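Visitor: Need a 3D model of the sequence below.
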Amino acid sequence: MMEISVTFEDGATERFPAGTTAGAALAAYARGSGGDRKAVARAIAARVDGSATAVVDLSRPLVADCRLAPVAPESREGLEVLRHSSAHVMAQAVKRLFPETEITIGPVIENGFYYDFKRPGGFAAEDLPRIEETMRAIVQEDLPVRREEVPKAEAIRRFRALGEHYKVEIIAGIPDESVSLYHQGEFVDLCRGPHVPSTGRIPAFKLTSLAGAYWRGDARNEQLQRIYGTAWASPEDLEAYLRRVEEAKQRDHRRLGQALDLFSLHPIAPGSPFFHPKGAVVYNLLVQFVRGLYARYGYTEVITPLIYKTDLYKTSGHYDLFKDDMFLLTIEEEEYGVKPMNCPGHCHLFASRKHSYRDLPIRFADFSRLHRFEPSGTLAGLVRVRSMAQDDAHIYCTPEQLDGELEQFIAMTREVYSAFGFDRIDVTLQTRPEKFLGRVELWDAAEDALRRALEQAGFTVTPLPGQGAFYGPKIGFDFRDVLERSWTLATVQIDCAMPERFGLTYVTAEGTEATPVMLHRAVLGSLERFIAILLEHTAGRLPLWLAPVQVRVLPVSEKAAAYATRVGEACRAAGLRAEADLRNEKLGYKVREAELEKVPVVAVVGEREAVAGTVAPRAGGAPQPMALDVFVAHTAAQARMPGGVP
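Guide: Just a heads-up that it's a prediction; the model follows:
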């Protein structure tokens, strides 16, 4: 019988008959060679590194030499397996309770899973506890989970017989000759896997919500119902997550935006926020902050059109790949598109005049409005909008300048993150996707340059194969907020397609023409989305320099109103955004209101302060009196915009 060589985590290698399952190989090694028996016993799947890296069922046969490791439930890969299996258990519970229901898809999402169903009459929120209870019964039954490979035609026959028409449609669209099915008890589902060995290995889960959805995410298709859930490696982890969810509700930027009078959303303009005066202060201060950085880092700001003939997007390649996400209109029998991104316009601008190598690098920055058609069901406050602006810039440089430009971008990103106190950063390198534009050799060189820049900057990099943009590989800087959520903010991409598609050139030192290297980069990203993230991260308590109202002066009584007005005027004269609250309300009420509005500095003044020329600012405790000029100077210094921006 043919044998294969299996290498384990500690570097030891053993030989097994080909076809030995991953679980059996792990168990045999743990028993015979002192491997980590506890880790093997807890494993819910296995990681196999052979010709490719994959997480597989413990029951999957090993057919070639490989490296093998157990996958723990609490690992990133383990949580994905738990959540995927939980989706199957939920679908099985639904079929037990409501046999007439058709099942569609049930993927893993961040922190959980969902499954879309078609049920006559639909589900109600009251159904979720029943479904969850049936799920617990299925887990208690500890049903073995079995994978089966069958010809596509056979799978279609089986699901058609079960009345699962959505599954039939999915299978019909799969190009492979065979598909994999997973069985647990009476339930069977189409799935690539992997899954837990048995339903009893799912320790903690909860169904969280019910929502509408469309088949294949297309509003023109049938409406379905989606049930969301979450699953974790222990009950303690589940409880901790549910606490974070409750905290997130209190920090929801949509709630804070209304409470702090920053912005609002209305069906009259779906996905296009209205920024109120206070919100506009925050928005414009962010732009001012970035503009200050641009002045120091050598960027030139440009203003480009909002509407172009679609010929521009056909040249860039966006029309074929991005057309459905654009707002298109016909004017005088010609097709136009509202600008969804700045890069094609910047390429046109670069091409509008000749450039020498001495002109490079050229760094075009642009805060233009962008509009993208996002389906109404995907819109989410400021996080997912149709109208936005970005701190967007495109750099055109020589190949010799590339490493320096990447180094400078990383330095700017670090400076911005430091200004906002973002210190929990993960970095990803997203490489060539299956569908891409440009030459492979350009992609390879670009990926090498990005990898080199990150290594020189001292970052630990997480590779994300196949997740680059269609025109180039990308570095993403992911910020983890106080609720343990990960947000991609800063990105930089090397464009492997657009410079050649637009025929961009510069004259080299030798007098020949060459194609410049093009970088796409953003640090904050969409300003709308950044504001949402910052509001939720700070619970609305923005940094002093960014707060729309920095100082509120509260007179103890009407007798101190004139002095409160004077204090407010002194603050404004020093450049602070200050106001005096002269309403005929009790002091405690006004203090509480200022706290709810997240005003950073609340200064209480009475007759004693008026006589002494002092102010008693509240700083998280009892008021601390100080001279008015000292208070103003101190607060103005604390409120200075970071980065030396005036």
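Visitor: Where does pLDDT dip in the stretch 101-250 of the chain?
Guide: Within the stretch 101-250 of the chain, no range satisfies pLDDT under 70.
Visitor: Tell me where the stretch 351-500 of the chain has strands.
Guide: Per DSSP state E, counting those that start in this stretch, the stretch 351-500 of the chain carries strands over the ranges 362-366, 369-371, 387-397, 425-430, 461-464, 474-480, 486-495.
Visitor: closest one to R255 among these?
Guide: strand 486-495 (18.4 Å; C-beta to C-beta). Where C-beta positions appear, they are placed from N, C-alpha and C, glycine not excepted.
Visitor: which helices and strands sit right next to that closest one?
Guide: helix 402-420, helix 440-456, strand 474-480, strand 517-526, helix 527-538 (3 or more C-beta pairs under 8 Å, 6 or more residues apart in numbering; DSSP states H and E).
Visitor: hmm, try it at 10 Å
Guide: Packing partners of strand 486-495 (3 or more C-beta pairs under 10 Å, 6 or more residues apart in numbering; DSSP states H and E): helix 343-351, strand 387-397, helix 402-420, strand 425-430, helix 440-456, strand 474-480, strand 517-526, helix 527-538.
Visitor: and L242, which of those is closest to it?
Guide: helix 527-538 (17.3 Å).
Visitor: Check the secondary structure at the nearest residue to S387 once chain neighbours are set aside for me.
Guide: Excluding its sequence neighbours, the residue lying closest to S387 (C-beta to C-beta, 6 or more residues apart in numbering) is S272, at 4.0 Å. At S272, secondary structure determined by DSSP: H, G, I helix; E, B strand; the rest coil is coil.
Visitor: Just the pLDDT at S272, thanks.
Guide: S272 is assigned 96 on the pLDDT scale.
Visitor: what does V440 give?
Guide: 89.
Visitor: ok, now which ones touch the most centrally placed residue in the chain?
Guide: Nearest to the geometric centre of the chain sits W487, at 4.1 Å (C-alpha atoms, centre = their mean). W487 makes contact with 383, 422, 477-481, 525, 529-530, 532-533, 536-537, according to C-beta atoms under 10 Å, 6 or more residues apart in numbering.
Visitor: can we see that at 6 Å?
Guide: By C-beta atoms under 6 Å, 6 or more residues apart in numbering, the contact set of W487 is F479, I533.
Visitor: Quickly list what it is bridged to.
Guide: F479 (DSSP bridges).
Visitor: do the one 5 residues further on as well
Guide: Each beta-bridge partner of V492 is listed here, defined by DSSP bridges: I475, R521.
Visitor: what's the burial count for it?
Guide: Residue neighbour count, defined by other C-beta atoms under 10 Å, stands at 24 for V492.
Visitor: On the pLDDT front, check it for me.
Guide: 95.
Visitor: Repeat that for A619.
Guide: At A619, pLDDT is 62.
Visitor: S33 too?
Guide: On the pLDDT scale, S33 is placed at 66.
Visitor: buried stuff in stretch 90-110?
Guide: Buried residues in stretch 90-110, counted by 16 or more other C-beta atoms under 10 Å: 90-96, 98, 101-106, 108.
Visitor: try stretch 150-163
Guide: Residues V150, A155, I156, R158, F159 are the ones in stretch 150-163 that count as buried (16+ other C-beta under 10 Å).
Visitor: where's the residue nearest to the last one when sequence neighbours are not counted, which helix or strand?
Guide: If I follow you right, that is F159. Nearest non-adjacent residue to F159, counting by C-beta to C-beta, 6+ apart: K167, 4.1 Å away. Element membership for K167, per DSSP states H and E: helix 165-172.
Visitor: In this model L190 seems to touch the residue nearest to F159, though I could be wrong.
Guide: Yes: at 5.4 Å, K167 counts as touching L190 under the criterion of C-beta atoms under 6 Å.
Visitor: if we can go back for a sec, rebuild the strands of the stretch 351-500 of the chain as JSON lines, extending it with distance to I131.
Guide: Output for these, formatted as JSON lines (distance: least, C-beta to C-beta, whole Å):
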{"stretch": "strand 362-366", "distance to I131": "49"}
{"stretch": "strand 369-371", "distance to I131": "40"}
{"stretch": "strand 387-397", "distance to I131": "38"}
{"stretch": "strand 425-430", "distance to I131": "35"}
{"stretch": "strand 461-464", "distance to I131": "34"}
{"stretch": "strand 474-480", "distance to I131": "32"}
{"stretch": "strand 486-495", "distance to I131": "29"}
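Visitor: Tell me how far V338 lies from I307.
Guide: 6 Å (C-beta to C-beta, to the nearest Å).
Visitor: quick one, which of the two is more surrounded?
Guide: A direct count of neighbours by other C-beta under 10 Å for V338 and I307 places V338 higher, at 18 against 12.
Visitor: From A52, how far out is that one?
Guide: From V338 to A52 the distance is 42 Å (C-beta to C-beta).
Visitor: again, but for G78
Guide: 19 Å.
Visitor: so V196 touches I44, yeah?
Guide: Yes: contact criterion C-beta under 6 Å: V196 and I44 qualify, at 4.8 Å.
Visitor: mind listing the helices for the stretch 151-300 of the chain?
Guide: Counting by DSSP state H, counting those that start in this stretch, one finds helices in the stretch 151-300 of the chain at the ranges 152-161, 165-172, 235-251, 253-259, 277-297.
Visitor: Figure out which of the ones you listed is closest to M518.
Guide: Comparison of the helices of the stretch 151-300 of the chain against M518 by C-beta to C-beta identifies helix 277-297 as nearest, at 17.4 Å.
Visitor: Just the buried residues of that closest one, please?
Guide: Buried residues in helix 277-297, counting neighbours by 16+ other C-beta under 10 Å, are found at K278, G279, V281, V282, Y283, L285, L286, F289, V290, G292, L293, Y294.
Visitor: Equivalent analysis for stretch 624-641, please.
Guide: In stretch 624-641, counting by 16+ other C-beta under 10 Å, buried: M626, L628, F631, V632, T635, A636, A639, M641.
Visitor: List just the nearest of the residues you listed to S387.
Guide: M641 (26.1 Å).
Visitor: which residues does the closest one contact?
Guide: Here M641 is in contact with F289, W545 (C-beta under 6 Å, 6+ apart).
Visitor: Please renumber the chain so that the first residue is 657 from this point on.
Guide: Taking 657 as the first residue, the last one we looked at is M1297.
Visitor: So, low pLDDT: which residues of the stretch 1157-1302 of the chain?
Guide: For the stretch 1157-1302 of the chain (pLDDT under 70), the answer is 1275-1279, 1300-1302.
Visitor: ok, which stretches of it are helices?
Guide: Going by DSSP H, counting those that start in this stretch, the stretch 1157-1302 of the chain shows helices at 1183-1194, 1217-1229, 1243-1252, 1263-1268, 1284-1294.
Visitor: between the first one and strand 1043-1053, how big is the angle?
Guide: Read that as helix 1183-1194. 110 degrees (axes from the mean of the first three to the mean of the last three C-alpha atoms, to 10 degrees).
Visitor: Much appreciated, bye for now.
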